[in-house]
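> everything below, folded, please.
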Amino acid sequence: MSQTTISSFLRSVLLESFFVLMSDPSQKSDITFNFSDSPVPAEWKERITKKLNSMPEVFAQNDLDFGRTDQVKHQIKLSDETPFKHRARPIHPHDLEAVRKHLQELLYAGVIRESDSSFSSPIVVVKKKNRDVCLCIDYRKLNLQTVKDAYALPNLEEAFSTLTG
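Numbers count the residues shown, from 1 in each chain. Model (predicted):
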């Protein structure tokens, strides 16, 4: 086995271990909440902190730690059910390794998964100010085929007034 293959394997094992640990609620530690500028009395700050730390699974502890569910299956209604597959856009060779690494992190964290869909939209690589890559998806073709929902938006003032006692 070559040194490159060994390094690649070790990197993937370390990434997998890191993201399994970070996505397992039983492995989450207490979160530090900063109430220093709050006018809340000290005893309440302690009670609030204890209560918040009793539910660590509801707080993200890193950029890839956010909730997901399999309780609801999302459907996108299309005006034209004809599948489309856009060709992948070229990725600059300097960005290719960063894109691969980011996709691998997202895959291990369970944010993305391999798809067997008959639809495909291209990744768009955008450089951040700090030179990191940001992955976006060009959904313009899908948006053109999406049937718009015609639900009336709720009146926010009305909704807020129902919350007051």
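
> spatially nearest residue to Arg87 (excluding sequence neighbours)?
Pro122 (6.9 Å; C-beta to C-beta, 6 or more residues apart in numbering). (Glycine included, C-beta is placed from N, CA and C.)

> what about that neighbour, how many neighbours?
By other C-beta atoms under 10 Å, the residues close to Pro122 number 16.

> what pLDDT is listed against it?
As predicted, Pro122 sits at a pLDDT of 93.

> got the contact list for it?
Residues counted as contacts of Pro122 (C-beta atoms under 8 Å, 6 or more residues apart in numbering) are 86-89, 137-138.

> wait, which of those residues is closest to Ser38?
Among the contacts of Pro122, Ile137 lies closest to Ser38 (C-beta to C-beta), at 39.4 Å.

> which residues does that closest one bridge with?
Ile123 (DSSP bridges).

> ok, it - how many residues close by?
So Ile137, with other C-beta under 10 Å, has 12 neighbours.

> wait, it sits on Ile123?
Yes: counting by C-beta atoms under 8 Å, Ile137 does reach Ile123; the two are 6.2 Å apart.

> show me the shaky parts of the protein.
Along the chain, the model assigns pLDDT under 70 to residues 1-30, 164-165.

> this protein: helices as residue ranges?
Counting by DSSP state H, the segments of the chain that form helices are 3-23, 42-53, 93-108, 140-145, 156-163.
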